[in-house]
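Peer 1: Sequence unavailable; structure follows:
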């Protein structure tokens, strides 16, 4: 008898034993920007995973990377991301500004990522798209923030996408 038949026919008293496993989907619990300097020495905090696309790709400046933390805690997960522009830019109401210029050391516009936390519709993942084409599409299932993160710095077009 194979294992499936064994499990399907396992009886306890008058009923069959059923085992259901609830798998909680992962959500984006946090996102940060890590500055790896000019020597590209990356120090990723415990629990985070580096997204391996330099945000200053082909623009010079410091090597910058998004690092994300995933988990199943929806109560404080990231539910929205926006990019703000300007040296003294402030986060929109309800958002937290990550205080690292996304063009640090490369010239270009001062750009900052802002994140909002909420439990209604938590984000699941991000991808960073690097392209020679400013009209590049988001990967399937992802929404692109239509702001080049290398704006006015030269280099490749860098876009943040989320789902």
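Peer 2: Cool, got the structure. Bear in mind the structure is a predicted one, so any value in this text is a computation, not a measurement.
Peer 1: What distance do you get for the spatially closest residue to residue 139 that is not a sequence neighbour to residue 160?
Peer 2: Leaving out its chain neighbours, the residue that sits closest to residue 139 by Cβ to Cβ, 6 or more residues apart in numbering is residue 127, at 5.5 Å. Where C-beta positions appear, they are placed from N, C-alpha and C, glycine not excepted. Separation of residue 127 from residue 160 (Cβ to Cβ, to the nearest Å) stands at 8 Å.
Peer 1: so where's the chain shaky on pLDDT?
Peer 2: Counting by pLDDT under 70, the chain contains low-confidence residues at 1-23.
Peer 1: Would you map the strands across it?
Peer 2: Ranges of strands within the chain are 11-12, 15-16, 27-35, 49-50, 64-71, 78-85, 96-97, 111-117, 126-131, 143-144, 157-162, based on DSSP state E.
Peer 1: closest to residue 56 out of those?
Peer 2: Of all these, strand 64-71 sits nearest to residue 56, with 5.6 Å by Cβ to Cβ.
Peer 1: can you list contacts of the closest one?
Peer 2: Identification of contacts with strand 64-71 by Cβ atoms under 8 Å, 6 or more residues apart in numbering yields 26-36, 42, 44-45, 47-56, 100, 102, 104, 113, 125-126, 128, 160.
Peer 1: Report the buried residues of it.
Peer 2: Within strand 64-71, the residues scored as buried using 16 or more other Cβ atoms under 10 Å are 64-70.
Peer 1: quick one: strands adjacent to that strand?
Peer 2: The strands that strand 64-71 pairs with in its sheet are strand 27-35 (antiparallel), strand 49-50 (antiparallel) (by DSSP bridges).
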